[in-house]
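Undergrad: Structure of the sequence below:
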Amino acid sequence: MNAIGIESAPTVNTASHPPASVATHPRDGQASATTPATPTPPRANNQAALAKPLLVGWNYNVVASPRSQILDVEGSFPRGSAKTFSVGDGGEPYVQNVEVQVGGKWSRVPGQRGEWKISACAIGCRIRYRFELRAAAEASGERSVAVLKGDAIQSPPSTWLLRPLHAPKGISLRFQVESAAGESFATGVYPVEGVPHTYEALTQTAAIDLPYAVFGKLRQRSLLNGSVQVALLPGSFRDEAVIYSWIESSAKMVQAFYGRPPISRMMIMVRPVRGNDVGSGSTMGMSGAAIDIAVGERAMDTVLARDWVLVHEMIHTALPEVSRQHRWLEEGLATYVEPLVRVQAGAISEEAVWSEWIAKMHHGLPGPGDEGLNNTRAWGPTYWGGALFCLLSDVAIRQRTNNRFSLRDALRAIVKQGGNISVIWDIDRVIEVGDRATTVPVLREMYEGMGKRSQAVDLPKLWADLGVRKGRSGIVFDDSAPLSAVRRALVQRGAAP
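TA: You can find the predicted model right below:
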């Protein structure tokens with residue numbers, strides 16, 4: 001699974017990215033003392049997979065030392081578990097003192113090349129080990145492994161949970177975390193109802209990559225009936241109330257567009273940085289969702305009201321994980337939908353949306369030798385090629401249904417059926433659900449035309465047909481254009497959901 005979101009350079013996202021103190025949108029081709037009681041989040045009632053019978057699972061108890069120097073971990077595994085254990089890529093050097101309990105006694109298990117052979121686990125076993133979390137953060141600095149955030153440490157649980165390799169789909173992975181005195185823990189992994197400080201994931205592929213988690217002196221708060229959890233990392237803001245208000249406002253805009261929260265629970269990890277602007281953001285899913293975002297410690301409400309980064313990241317939670325080959329859909333959809341969310345909430349003008357699209361949509365046009373969006377890793381096709389796919393699909397759906405349906409109907413249907421970042425879908429399922437909701441096979445046709453092969457697009461003609469152009473003093477609309485009704489319905493400030 002990949003971390004997705006706003007990064008410091010217009011390159012392909014990997015599972016790790018260096019943070020940036022200030023970012024502009026990748027679509028621009030630029031760089032983009034007290035610890036309150038941790039709120040008890042609601043049950044993750046939209047993760048349908050967790051409501052189904054699970055295979056007998058893996059269980060962990062994790063105890064963090066002060067400043068998260070060391071994690072002491074005990075785990076139990078059922079009969080039939082694989083014999084080869086490991087952790088997420090990059091975490092292997094920091095696993096120490098692995099032992100397995102055999103006949104009531106603990107025996108050391110030597111590691112070799114980042115793997116530990118534990119034959120006893122074939123009949124069920126209990127293991128214990130230490131993970132040097134702070135050393136991993138100091139040495140790695142990568143989000144996919146561990147990174148220092150002030151005096152906090154951010155690291156996905158998949159980095160430090162030693163587990164059988166090649167796990168079958170459907171195994172429950174449950175872990176309970178005990179923080180050091182005066183410190184706390186937060187993660188995007190779904191919490192277990194009624195069991196404090198305990199979280200549960202579900203294996204969906206052989207590779208297990210879980211949402212971000214963080215250890216440290218955190219200030220935590222629950223918003224919007226628990227659908228949004230916030231963890232402020234160590235540091236200070238000029239006005240914390242403004243930060244919470246901005247997060248809540250962004251979430252309400254996204255929920256209005258989709259007609260519901262895209263996921264039952266998302267964790268927002270806010271790290272204070274120098275300055276007064278919003279910086280880089282990144283999102284990770286699978287069995288939950290977590291957004292990591294940098295915010296200037298002097299940020300005020302007037303600056304945050306203009307922000308698009310958090311909305312962009314929240315939109316990522318409203319689409320299932322797809323394969324790396326289809327990453328253009330993840331990034332393109334967030335790039336396209338973000339201004340629609342904000343214009344329909346009245347946060348920006350219609351002219352602002354069209355001005356940006358006219359100025360930047362050309363970055364998504366295929367170049368010489370391109371073989372479709374599935375076969376590119378370049379910045380332009382990934383972000384703006386995906387956005388162009390969405391725009392053309394939206395226009396075609398509206399045109400063929402006389403504005404009765406739109407791309408938003410497809411996206412709402414996907415979310416309604418549980419399609420969010422906590423689960424994995426293949427691209428065909430995404431398309432099938434979307435096309436069924438709009439009654440026309442536009443997504444399938446567009447995917448065959450743009451995803452699998454290169455397709456020329458006449459952008460000047462598209463703008464002319466929609467009745468929009470860039471004039472000397474700004475955007476000019478032509479209501480006599482053949483698709484002007486589509487344009488008005490597509491980008492309408494303050495439009496009702």
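Undergrad: Residue 202 is in contact with residue 170, correct?
TA: Yes. Contact criterion Cβ atoms under 8 Å: residue 170 and residue 202 qualify, at 6.7 Å. Any C-beta I mention is one placed from the backbone N, CA and C, and that applies to glycine too.
Undergrad: how's this protein carved up into domains?
TA: Domains of the chain are assigned by automatic domain parsing as 4-36+220-316, 48-217, 324-490.
Undergrad: Pull up the distance across the last one, start to finish.
TA: As for domain 324-490, its first-to-last residue distance stands at 29 Å under the measure Cα to Cα, to the nearest Å.
Undergrad: Mind checking the pLDDT average for that domain?
TA: Per-residue pLDDT over domain 324-490 has a mean of 96.
Undergrad: which of residue 170 and residue 202 has more neighbours?
TA: Shown here are residue 170 and residue 202; by other Cβ atoms under 10 Å, residue 202 has more neighbours (22 against 14).
Undergrad: Distance check, that one against residue 393.
TA: Look at residue 202 and residue 393: by Cβ to Cβ, to the nearest Å, they are 31 Å apart.
Undergrad: what's the spacing between residue 158 and residue 80?
TA: As judged by Cβ to Cβ, residue 158 and residue 80 stand 21 Å apart.
Undergrad: Please read the previous query as pertaining to residue 96.
TA: To residue 80, residue 96 is 27 Å away according to Cβ to Cβ.
Undergrad: rewinding a little: most tightly packed of the domains of the chain?
TA: Compared across the domains of the chain, domain 4-36+220-316 shows the largest average neighbour count, a mean of 21 (mean count of other Cβ atoms under 10 Å).
Undergrad: roughly how far out does that domain sit from the chain middle?
TA: 11 Å (Cα atoms, centre = their mean, to the nearest Å).
Undergrad: Could you pull up the contacting residues of residue 233?
TA: By Cβ atoms under 8 Å, 6 or more residues apart in numbering, the contact list for residue 233 reads 149-150, 152, 154, 214, 216, 218, 269-272.
Undergrad: ok, now with 6 Å
TA: Listed by Cβ atoms under 6 Å, 6 or more residues apart in numbering, the contact set of residue 233 reads 149-150, 152, 271.
Undergrad: could those residues be laid out in CSV, adding pLDDT, secondary structure and distance to residue 442?
TA: Output for the contacts of residue 233, formatted as CSV (pLDDT from 0 to 100; DSSP: H, G, I helix; E, B strand; the rest coil; distance: Cβ to Cβ, whole Å):
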residue, pLDDT, secondary structure, distance to residue 442
149, 88, strand, 43
150, 85, coil, 47
152, 95, strand, 45
271, 95, strand, 40
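Undergrad: any idea how far stretch 316-332 is from the chain center?
TA: Centre-to-centre, stretch 316-332 and its host chain are 9 Å apart (Cα atoms, centre = their mean).
Undergrad: Show me the residue at the heart of the chain, geometrically.
TA: Geometric centre of the chain, nearest residue: residue 283, 2.9 Å, by Cα atoms, centre = their mean.
Undergrad: Can you check the pLDDT for the nearest residue to that one once chain neighbours are set aside?
TA: Spatially, and ignoring its direct neighbours in sequence, residue 283 is nearest to residue 316 (4.3 Å; Cβ to Cβ, 6 or more residues apart in numbering). Per-residue confidence at residue 316 stands at 98 (pLDDT).
Undergrad: The one 3 residues further on too?
TA: Taken from the predicted model, the pLDDT recorded for residue 319 is 97.
Undergrad: so where does the residue nearest to the centre of the chain fall, helix or strand?
TA: Secondary structure from DSSP states H and E places residue 283 in strand 278-285.
Undergrad: Let me see the mean pLDDT of that strand.
TA: For strand 278-285, the per-residue pLDDT values average out at 94.
Undergrad: and it, which strands flank it?
TA: Strand 278-285 pairs in its sheet with strand 4-6 (antiparallel), strand 289-296 (antiparallel), by DSSP bridges.
Undergrad: Alpha carbons only: can I get it in PDB?
TA: The C-alpha atoms that make up strand 278-285 are tabulated as PDB, following Å, rounded to 0.1, in the frame of the first residue of the first chain:
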ATOM      1  CA  VAL A 278      -0.500  24.600   5.900                       C
ATOM      2  CA  GLY A 279       2.300  22.300   4.700                       C
ATOM      3  CA  SER A 280       2.500  18.800   3.400                       C
ATOM      4  CA  GLY A 281       0.000  16.100   3.900                       C
ATOM      5  CA  SER A 282      -0.100  12.300   3.400                       C
ATOM      6  CA  THR A 283      -2.800   9.600   4.000                       C
ATOM      7  CA  MET A 284      -2.600   5.900   4.800                       C
ATOM      8  CA  GLY A 285      -5.400   3.400   4.900                       C
END
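Undergrad: what's stretch 395-410 in contact with?
TA: The contact list for stretch 395-410, computed with Cβ under 6 Å, 6+ apart, reads 393-394, 434, 437-438, 440, 442, 486, 489.
Undergrad: Could you save those as JSON lines and add columns showing distance to residue 342 and secondary structure?
TA: Formatted as JSON lines, the contacts of stretch 395-410 follow (distance: Cβ to Cβ, whole Å; DSSP: H, G, I helix; E, B strand; the rest coil):
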{"residue": "393", "distance to residue 342": "20", "secondary structure": "helix"}
{"residue": "394", "distance to residue 342": "16", "secondary structure": "helix"}
{"residue": "434", "distance to residue 342": "22", "secondary structure": "helix"}
{"residue": "437", "distance to residue 342": "23", "secondary structure": "helix"}
{"residue": "438", "distance to residue 342": "23", "secondary structure": "helix"}
{"residue": "440", "distance to residue 342": "27", "secondary structure": "coil"}
{"residue": "442", "distance to residue 342": "24", "secondary structure": "helix"}
{"residue": "486", "distance to residue 342": "20", "secondary structure": "helix"}
{"residue": "489", "distance to residue 342": "17", "secondary structure": "helix"}
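Undergrad: Return the member of those nearest to residue 134.
TA: Proximity of those to residue 134 (Cβ to Cβ) peaks at residue 434, which lies at 44.8 Å.
Undergrad: give the contact list for the closest one.
TA: By Cβ under 6 Å, 6+ apart, the residues touching residue 434 are 410, 443.
Undergrad: From residue 357, how far off is it?
TA: Residue 434 is 21 Å from residue 357, by Cβ to Cβ.
Undergrad: just residue 142 next, same as before
TA: Per Cβ to Cβ, residue 142 is found 34 Å from residue 357.
Undergrad: Check residue 60 too.
TA: Separation of residue 60 from residue 357 (Cβ to Cβ) stands at 47 Å.
Undergrad: swap in residue 214?
TA: Taking Cβ to Cβ, one finds residue 214 at 36 Å from residue 357.
Undergrad: And residue 207, by the same measure?
TA: Distance from residue 207 to residue 357, by Cβ to Cβ: 36 Å.
Undergrad: And for residue 98?
TA: The value you get for residue 98 to residue 357, if Cβ to Cβ is used, is 54 Å.
Undergrad: Check residue 109 too.
TA: Plainly put, residue 109 is 57 Å away from residue 357 if you go by Cβ to Cβ.
Undergrad: and if you look at residue 299?
TA: Distance from residue 299 to residue 357, counting by Cβ to Cβ: 27 Å.
Undergrad: cool, residue 453 as well?
TA: Distance of residue 453 to residue 357, given as Cβ to Cβ: 24 Å.
Undergrad: do residue 162 as well
TA: Per Cβ to Cβ, residue 162 is found 48 Å from residue 357.
Undergrad: What of residue 411?
TA: Where residue 357 is concerned, residue 411 sits at a distance of 18 Å (Cβ to Cβ).
Undergrad: now stretch 252-263: mean pLDDT?
TA: 97.
Undergrad: got the CA positions of that stretch in CSV?
TA: Presented in CSV, the C-alpha positions along stretch 252-263 are these (Å, rounded to 0.1, in the frame of the first residue of the first chain):
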residue,chain,number,x,y,z
LYS,A,252,-18.1,18.8,6.9
MET,A,253,-17.4,20.0,3.4
VAL,A,254,-16.3,16.5,2.4
GLN,A,255,-19.2,14.8,4.1
ALA,A,256,-21.6,17.2,2.3
PHE,A,257,-20.2,16.3,-1.1
TYR,A,258,-20.4,12.5,-0.4
GLY,A,259,-23.7,12.7,1.5
ARG,A,260,-22.1,10.9,4.5
PRO,A,261,-18.7,10.5,6.2
PRO,A,262,-16.6,8.7,3.7
ILE,A,263,-15.2,6.5,6.4
